[in-house]
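**Q** Below are the sequence and a predicted model; questions follow.
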Amino acid sequence: MEIFWAFLTQSTPITLIVIIWLSVYLFSTFWIYIYKSFSLRVWLDSENHNLDMLLTNSVQVPNNTILRTILNNKNISQLDSELLGVWKTRAFQQATKGLVVLSIISSTAPFIGLFGTVVEILEAFSRLGGGNISFDVIAPIISQALIATACGILSAIPAYSFYLLLKRKVYNLGVCIQMQINLILNGARYD
């Protein structure tokens, strides 16, 4: 704990701002992942159930909120691929909300951490300038400065990993929706 307090008291305000910023990034990353992972899992389970119902001919059109709003005044014979494409596009819009934030965090966090490191090193050199400085004095300052870079990388890795995991779930959802569209169009053709 003493090391932590020593770091806080010896760091520049810019470094502290960078670390707070990266902490917000890390918290946001986990919050977005947990929320989106849960909501996409529930949605995918629902779509898989609808797909199973279509495959067993239990229903002609799944009981899906998005599709039901499109079909308000239409029957199944009025369905076409463009109308169902609108349903799929709208579903993708809803499914991908929040993913851009993870992408931004994963790409900017290392640079924010690097910025904190550069500022800390510049500050250290300005304090040390002019005198004969040994490696024993400069090494702890540089190692302290690199903490901001480590925080940036620590924030970026989960953001990028979670982005890829959620992107795969969205892809699986899209495949399931496309299979439903194909089955609905084929069913409408034979009616």
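**A** Happy to help now that I have it.
**Q** I'd like the mean pLDDT over whichever helix in the chain runs longest, please.
**A** Longest helix in the chain by number of residues (criterion: DSSP state H): helix 135-190. The pLDDT scores in helix 135-190 average 87.
**Q** Kindly report the same for stretch 105-118.
**A** Here stretch 105-118 scores 95 as its mean pLDDT.
**Q** List the buried residues for it?
**A** Residues of stretch 105-118 classed as buried by neighbour count (16 or more other CB atoms under 10 Å): 105, 106, 108, 109, 110, 112, 113, 114, 115, 116, 117. C-beta here means a position set from N, CA and C on the backbone, and glycine is covered the same way.
**Q** residue contacts, the first one?
**A** Remark: with contacts taken as CB atoms under 8 Å, 6 or more residues apart in numbering, residue 105 is in contact with 25, 28, 29, 155, 156, 159.
**Q** now swap in the second one and tell me
**A** Neighbour list for residue 106: 156, 157, 159, 160, 163 [criterion: CB under 8 Å, 6+ apart].
**Q** secondary structure element for it?
**A** Using DSSP states H and E, residue 106 falls within helix 99-128.
**Q** about what we covered before: hmm, which of the contacts of residue 106 are the buried ones?
**A** Burial of these was assessed by neighbour count (16+ other CB under 10 Å); the buried members are 156, 159, 160, 163.
**Q** Any chance of CSV for those residues, columns distance to residue 18?
**A** Converted to CSV, the buried ones among the contacts of residue 106 look like this (distance: CB to CB, whole Å):
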residue, distance to residue 18
156, 13
159, 16
160, 19
163, 22
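**Q** List just the nearest of those to residue 91.
**A** Using CB to CB, residue 163 is the member of the buried ones among the contacts of residue 106 that lies nearest residue 91, at 19.1 Å.
**Q** I'd like to know how far the spatially most central residue of the chain sits from residue 177.
**A** Nearest to the mean C-alpha position of the chain, by CA atoms, centre = their mean, lies residue 102 at 3.1 Å. When distance is defined by CB to CB, to the nearest Å, residue 102 is 22 Å away from residue 177.
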